[in-house]
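Quick check, what structure comes out for this input:
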Amino acid sequence: MNKQEKAVVTVVGKDTVGILAKVATQVANANGNIIEVTQSVMDEFFTMIMLVDVTALTCPIYELEQALKQTLPGMEIHVMHENIFNSMHSI
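Residues are numbered from 1 along each chain as shown. Reported below is the predicted structural model:
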């Protein structure tokens with residue numbers, strides 16, 4: 001059995017209706033599976049961190065990130081493979 005690969009998706013920006021739905025749709029279109037999500041709206045600002053299983057992704061991670069940025073213009077969006085995320089956050 002192959003090891004599960006994960007990516008961290010972050011979205012920050014002005015709150016509008018349907019942000020989570022649009023992100024989930026793009027992830028599903030790329031054959032990603034959402035493992036966990038946390039979101040918060042503070043005043044008018046939306047923040048979200050999503051953990052996604054990208055083992056069976058049908059496109060490179062950077063293409064998923066580009067699709068998300070096109071779907072949600074004006075939002076700050078990052079998609080980072082767990083290996084890079086772990087390397088950046090280890091001591």
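
residue contacts, the spatially most central residue of the chain?
What sits nearest the mean C-alpha location of the chain, by Cα atoms, centre = their mean, is residue 9, with 2.4 Å. Residue 9 makes contact with 23, 27, 48-52, 68, 77-79, according to Cβ atoms under 8 Å, 6 or more residues apart in numbering. From N, CA and C alone the C-beta is placed, and that goes for glycine too.

Quick check: it vs residue 24, distance?
The gap separating residue 9 from residue 24 is 10 Å, by Cβ to Cβ, to the nearest Å.

Tell me where the protein has strands.
Secondary structure of the chain by DSSP state E: the strands cover 6-14, 33-42, 45-53, 76-81.

can you list the weak-confidence ranges in the protein?
For the chain, the stretches flagged by pLDDT under 70 are 1-2, 85-86, 89-91.

re earlier: need the buried ones from the contacts of residue 9 selected in ChimeraX.
Of the contacts of residue 9, the buried ones go into a single ChimeraX selection, burial set by 16 or more other Cβ atoms under 10 Å:
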select :23,27,48,50,51,52,68,77,79
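
Can you tell me which of the contacts of residue 9 is closest to residue 58?
residue 27 (11.1 Å; Cβ to Cβ).

in stretch 18-37, what's buried?
Buried, per 16+ other Cβ under 10 Å, within stretch 18-37: 19, 22-24, 26-27, 30, 32.

Now distance to residue 84 too, for the residues you listed, in CSV please.
Converted to CSV, the buried residues of stretch 18-37 look like this (distance: Cβ to Cβ, whole Å):
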residue, distance to residue 84
19, 24
22, 24
23, 20
24, 23
26, 20
27, 18
30, 18
32, 16
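
Among these, which one lies nearest to residue 44?
For the buried residues of stretch 18-37, the nearest to residue 44 is residue 19 (12.4 Å; Cβ to Cβ).

Could you check how far the closest one is from residue 48?
Residue 19 is 7 Å from residue 48, by Cβ to Cβ.

Show me the common contact partners of those two, please.
Common neighbours of residue 19 and residue 48 (Cβ under 8 Å, 6+ apart) are residue 11.

if we can go back for a sec, what bridges to the residue nearest to the centre of the chain?
Here residue 9 shows beta-bridge partners residue 50, residue 79, assigned using DSSP bridges.
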